[in-house]
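[1] Predicted model and sequence follow; I will ask about them next.
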Amino acid sequence: MRGCLTSIILLALLAATGYCIWQVHLLRAEVRRLQERLARDESAPGDSMLEHARAALEAIERGELDRAQAELDRLSRLMEDARTVAAARRERLRQRLEAARKAIAQRSANAAQRVEDLVRELARPWRRVGRGHLRQAPAEQ
């Protein structure tokens with residue numbers, strides 16, 4: 001009976017381990033796909049701008065001015081989009097920096113107030129109560 005129960009538990013553990021290994025394999029494949037997509041997405045805008053610039057240059061060299069103008073227009077739109085995104089990111093970073101500065105200033109003011117309270121507390125006179133025990137006098141108001 002004990003041997004049968006041990007075998008069942010062992011089979012369950014083996015099945016669970018196999019399932020975990022399979023899940024890790026799937027997760028690694030998904031991470032690899034996401035990393036490839038991220039690398040492709042990051043390089044695409046720059047490559048696209050570069051490709052349009054090269055295509056415009058080639059069109060100019062061949063004398064295809066209409067095609068060159070179209071490529072330059074596309075390049076101009078891409079650059080304008082990049083400027084817009086950069087401006088939005090710059091503004092977001094400026095807002096975060098301002099919020100951080102305000103938080104630091106507020107914490108600094110709170111810390112200064114706490115130090116003042118502590119100095120005031122320590123500056124209050126002490127008085128004797130009972131047999132040699134000291135106690136601070138009540139705060140003056």
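    That came through, no problem.
[2] all contacts plus neighbour counts: C-alpha atoms, from now on.
    Fine.
[3] For burial, what's the neighbour tally of residue 49?
    Per other CA atoms under 10 Å, the neighbour tally for residue 49 reads 19.
[4] do residue 85 as well
    Neighbour tally, residue 85, other CA under 10 Å: 12.
[5] Centre of the chain to the longest helix along the chain, how far?
    Looking across the chain with DSSP state H, the single longest helix is helix 2-62. Remark: helix 2-62 is offset 21 Å from the chain centroid, using CA atoms, centre = their mean, to the nearest Å.
[6] helices or strands next to it in the packing?
    Other helices and strands packing on helix 2-62, by 3 or more CA pairs under 8 Å, 6 or more residues apart in numbering; DSSP states H and E, are helix 65-123.
[7] same question for the helix it packs on, mean pLDDT?
    Mean per-residue pLDDT for helix 65-123: 87.
[8] Output the contacting helices and strands for it.
    Using 3+ CA pairs under 8 Å, 6+ apart, helix 65-123 is in contact with helix 2-62.
[9] The helix it packs on vs helix 65-123, what angle?
    130 degrees (axes from the mean of the first three to the mean of the last three CA atoms, to 10 degrees).
[10] From residue 107, how far out is residue 117?
    15 Å (CA to CA, to the nearest Å).
[11] same question, residue 40
    Counting by CA to CA - residue 40 and residue 107 are separated by 43 Å.
[12] got it, and residue 115?
    Counting by CA to CA - residue 115 and residue 107 are separated by 12 Å.
[13] do the same with residue 124
    Taking CA to CA, one finds residue 124 at 26 Å from residue 107.
[14] can you check residue 72 too?
    52 Å.
[15] Compare those two and say which is more crowded by neighbours.
    Each of residue 72 and residue 107 has its neighbours counted (other CA under 10 Å); residue 72 has more, 19 against 12.
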